[in-house]
Structures are given as C-alpha cells and as structure tokens.
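S.K.: Prediction below, plus the sequence it came from.
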Amino acid sequence: MFLVRSRHFLRKTKENYKSKLLIRNKFIYLIKVQGKTRIPDYIQLRDENYTLLAYFRADRPDKALVKCGFEDHIAAFKEIINNLPFGVMKKLELE
C-alpha cells in the first residue's frame with residue numbers, strides 16, 4: 001500500500017522535499033536562461049537525468065538555494081551564476 005502525501009503535508013513537515021532530491025544526486029547541472037524585454041533571466045537546476053529541480057531568477061537566488069538545501073554555498077553559487085554565460089550548461093559535483 002502506498003501513502004500519497006499532498007503538498008500541504010510536505011509543507012508542514014520539517015523535511016524539505018527538494019533537499020531530499022538533491023542529497024541523492026552526485027552532481028547537478030546549472031543552466032542560465034536569458035530573458036526577453038520584460039522577462040528576467042532565470043537559472044535552472046537539473047539532476048543527472050536532466051529533471052528540473054529548481055527554477056529561479058538569476059538576480060535573486062537566495063531563497064531558492066535555501067529551499068534546495070544549499071544555504072551554506074550561496075556565495076559560491078552567486079559567483080558561478082554571475083560568471084556563467086547564457087545557454088551554457090555547467091556541471092557541478094556535489095560533495
């Protein structure tokens with residue numbers, strides 16, 4: 001028998017669903033997507049199967065990185081995001 005958990009149940013628990021996903025992965029991919037006139041630039045975090053884990057604005061990555069479990073590495077991610085050209089996929093090893 002499978003237990004189906006709703007978003008509300010996951011929100012109430014202390015364990016974060018996305019951080020569980022990132023712990024299982026050995027590496028992630030970072031992709032910087034260029035926005036248009038009114039649409040800002042975005043960052044995609046993908047796992048080794050290219051499944052989308054997170055999608056957030058390039059100018060405000062703090063909140064999304066905390067949700068994903070990278071609160072200790074926010075400064076390093078900001079530096080990588082600022083130096084990453086648009087449309088290039090960067091592979092990051094998780095330790």
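M.R.: Sure, I can see it. Numbering: from 1, shown residues only.
S.K.: What mean pLDDT does stretch 55-73 get?
M.R.: Across stretch 55-73, pLDDT averages out at 89.
S.K.: Could you pull out the buried residues of the longest helix anywhere in the chain?
M.R.: Using DSSP state H to define each element, the chain has its longest helix at helix 74-83. Neighbour-count burial for helix 74-83, counted by 16 or more other Cβ atoms under 10 Å, picks out 77, 80-81. In this view, the C-beta of every residue, glycine as well, is placed from N, C-alpha and C.
S.K.: Let me have those in a markdown table, extended by pLDDT and distance to Lys90.
M.R.: What follows is the buried residues of helix 74-83, written out as a markdown table (pLDDT from 0 to 100; distance: Cβ to Cβ, whole Å):
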| residue | pLDDT | distance to Lys90 |
| --- | --- | --- |
| Phe77 | 90 | 11 |
| Ile80 | 92 | 7 |
| Ile81 | 92 | 9 |
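S.K.: nearest to Lys91, of the residues you listed?
M.R.: Among those, Ile80 lies closest to Lys91 (Cβ to Cβ), at 11.3 Å.
S.K.: I am finished for the moment; much appreciated.
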